Each structure stands twice: as C-alpha cells, then as structure tokens.
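>>> how does the following fold in three dimensions:
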Amino acid sequence: MPNSQPTLILVHEPEKACFDRLVADGYPTERATEISSYLAQSTDLAPEFGQLAGACEKRGLAFTAVELDDAPTVLMKADPARTLVWTLTDGVAYFRGGASPALARLNGLKTLGTDDSLFALCQDKFRSGAVLSALGLPVPAAGLARNGAWLVEPPASPAGWFVKPNRLGAKIGIWPDSRITELGHALELSRRVFAHYRDDVVVQPYVAGRNARASFLGLKPEAGVEALGVAFVDSGGDFQTMADSMALYGDTGQAARNAGTYAEPELEPVAASQPAADRAIRAVAQKLIAGLGLRDVFSIDLRVEANDTIHLIEFEVCPGLPCFDFRDYCSRQWGMSLADAMAESAANRLRS
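Predicted structure coming up:
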C-alpha cells in the first residue's frame, strides 16, 4: 500500500558507485579514488540517515534515502502531491547527481533546491564564470586550456594566475604548484590535468585575500540573505589542494579522525572583523538569488581582501551538508542539528 504520509526523498550518488563506473571507463584506481572523493558527503551523511528519519517523523514526514541508480524507478512511482525530492550530490560530468532534479521535474515532483539547469551550470566553471560576469558580479576573468593548448587565453596578471580543473572541483588547485607566475606553467598543468582527469583547466588572475564561504538553508520559507552564514575558512594555506580536500571528508577523513590527526579549518564570522565585506557578500548573494534563481540551499565561495574587496569564486547548489562548516551554520543560524534543520526545511517546503 502506498505511503499516505508526506515523504522526503533524499537522492544521492555513493562514492563506490562512481568509483566503479570510473574504473570501468578506464581511469586508474588512484584517479578514480580522487574523483569519487568529491561524493564524500554521501559517505558522511549515510550513518545519520536514521537520525534524519527520526527528525522527519517528529514533523509528520516519512524519509527515504535513494541511491541515484535507483532514482528513476522510485521517482516514477512517487506521489506528486505528497513527495519532496532533495538532491544531495550534483554533477553532469564525472558525477551524475544533476539528473535527479530533472527526473523529479519529469515526474511532476516538488524539489528542494534550485532548478536543474543550475546543476549543470555550476559544474562548468568557465561557462558559469561567463554568466556570473554578465550579471555584473565580481568574478575573476578566465582563460581556458585543454591538454597544453589555449582555447581562450587568460588576461594579463601582474600577480600571476591560479589554475584549476574546469569541471572537477571548484576552487581547489589539485597540486601545490597551482598558483603560477608563467603561463607556460599553466599549459603544463593543463596537460597534467588532462592526463589525470580528462578535464580542461580554468586559468584566472590570482586574487589575494582570505577564503570565505557563505552558506544558506531556507529553513523558513521567508528566509532571505539575512539568514546567510558568512565565515572565513582558515585551513592554514592559501588554497586547498586535492590532498587537503580528501583529508577532511569520507573514508579518508574518518581514518584521520580515528588516528587523531583530523584537523578542521577554523571558522570566523566575516562580520566580526570586516563588516563591509559581509554586507558586500550578502549583496552578491541577493543578485544570485534574483538573477540566477538560487534558492532553498546553496553556498558561495569567495576571496576577501583586507580592504573589503570581494571576489566571487563559485556557487554550489549541493553544498556539503555534513561538512563541518554547514553543520556549524545550522547550529549558529538555526540552533539545530543538521538532521533537524534538514527535516524542518523539508516540512516547511511541503507545507508551502
């Protein structure tokens, strides 16, 4: 008999499913491990599905966690009047989570999060940057290189450049030498990225400053940019590498916890030391909401200079919910655990 309760369906792509697919496609094990590590939020949240189910039950909701490969069948059978789909993991290249909101729309189901077109846009940093620039947002200009050849040459930059994959990761540089002073080095990095990951590289003028993240969860339907959590994220380095990222999440992060070597970056509210920058970041978020259609749950990564100049690096429509920073945001902004904040957001969305 069909469930008569309103139901939250959380669709996620597990790391192992991605790993197996990449290996079958010819990626070496080490590369497949690195790439699939971006889906670590599925690994990290899975042990809390029971807590999430309990939090939903308190609010009159049923909860179902669905692996992406099972989503077409599950969503096809779901009741549009009683179902809300929340997509945990995104992707249109190495990962496939961007299919989930499209499947929900195909089956007439409500979704929590932005529309499916933005799931594709945010995964392609060069195209995303072009759109953000057209909206008048402070995003660094960019060049694009593929396997040692320029597709678009980057602008001049006395401070040097920063090189990152176009579709794999948003802000990390993969290797410690990703900040460069010679464009020939950028082409060498593009060859390395292409050989390892089959991806292009974005080459942007290097921008100084501190790393900041703005997190948003529309727990209440009327929540706006005042509910944004804006914090400096200090990991002790100028930028994050692949190794830094893997050390925080998934099985690698859990192993570090078990060994007592796990260390989270420090979070500091931007408003505490740079209130003007905090206001500027909220204004950028408002433009993204109005001009791009961000809603419900998202994050923004930025660089903030000492003079309050801000640089928009990327936006994410599937922020790492079980990550340390989003948990901190839920606690500070909403006074709730992650499970309760997710359940409350879903319940309010289904009522609206």
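>>> for the closest residue to L187 other than its chain neighbours, give me its contacts.
Taking CB to CB, 6 or more residues apart in numbering, and ignoring the residues beside it in sequence, L187 has G148 as its nearest neighbour in space, at 4.9 Å. All C-beta spots, glycine's among them, are computed from the backbone N, C-alpha and C. Going by CB atoms under 8 Å, 6 or more residues apart in numbering, G148 touches L187, E188, S190, R191, F194.
>>> what is the nearest of these to S273?
S190 (36.8 Å; CB to CB).
>>> show me where the stretch 101-250 of the chain has its strands.
Across the stretch 101-250 of the chain, reading from the start of the chain, the strands by DSSP state E, counting those that start in this stretch fall at 110-112, 143-146, 149-152, 161-165, 179-180, 201-205, 210-217, 229-234.
>>> tell me what the fourth one is packed against?
Yep, that's strand 161-165 we're talking about. strand 179-180, helix 183-197, strand 201-205 (3 or more CB pairs under 8 Å, 6 or more residues apart in numbering; DSSP states H and E).
>>> repeat that for 6 Å
Contact partners of strand 161-165 among helices and strands, from 3 or more CB pairs under 6 Å, 6 or more residues apart in numbering; DSSP states H and E: helix 183-197, strand 201-205.
>>> quick check: buried residues in the longest one?
Read that as helix 183-197. Neighbour counts over helix 183-197 (16 or more other CB atoms under 10 Å) mark L183, H185, A186, L187, E188, L189, S190, R192, V193, F194, H196, Y197 as buried.
>>> next: stretch 32-52.
Judged by neighbour count (16+ other CB under 10 Å), stretch 32-52 contains these buried residues: 32-45, 48, 51-52.
>>> could you tell me whether L267 really is in a helix?
No. Residue state for L267 (DSSP: H, G, I helix; E, B strand; the rest coil) corresponds to strand; a helix is not indicated.
>>> list the contacts for it?
Contacts for L267 (CB atoms under 6 Å, 6 or more residues apart in numbering) come out as A231, D328.
>>> any idea how far G335 is from it?
The spacing between L267 and G335, counted by CB to CB, to the nearest Å, is 17 Å.
>>> sorry, back to before: nearest to A212, of the contacts of G148?
Proximity of these to A212 was ranked by CB to CB; the top entry is S190 with 27.6 Å.
>>> can you tell me the closest non-neighbouring residue to that closest one?
Closest to S190 by CB to CB, 6+ apart is A145, at 3.9 Å.
>>> right, and the one you found touches V201 too?
Yes. Counting by CB atoms under 6 Å, V201 is a contact partner of A145 at 5.2 Å.
>>> overlap of the contact sets of the two?
Here A145 and V201 share the contacting residues S190, scored by CB under 6 Å, 6+ apart.
>>> more neighbours: those two, which one.
Counting neighbours by other CB atoms under 10 Å for A145 and for V201 shows that V201 has the greater number, 31 against 26.
>>> contact partners for the residue lying closest to that one once chain neighbours are set aside?
In this structure, V201 finds its nearest non-sequential neighbour in S190, 4.4 Å apart by CB to CB, 6+ apart. By CB under 6 Å, 6+ apart, the residues touching S190 are A145, G148, V201.
>>> quick one: what helix or strand has H311 in it?
With the criterion set as DSSP states H and E, the secondary-structure element containing H311 is strand 310-316.
>>> which elements pack onto that strand?
With contacts defined as 3+ CB pairs under 6 Å, 6+ apart, the secondary structure elements packing on strand 310-316 are helix 275-292, strand 297-304.
>>> got the contact list for the shortest one?
With CB under 6 Å, 6+ apart as the test, strand 297-304 has contacts from 113, 171, 207, 209-210, 212-217, 277, 310-317, 319.
>>> appreciated, that's everything.
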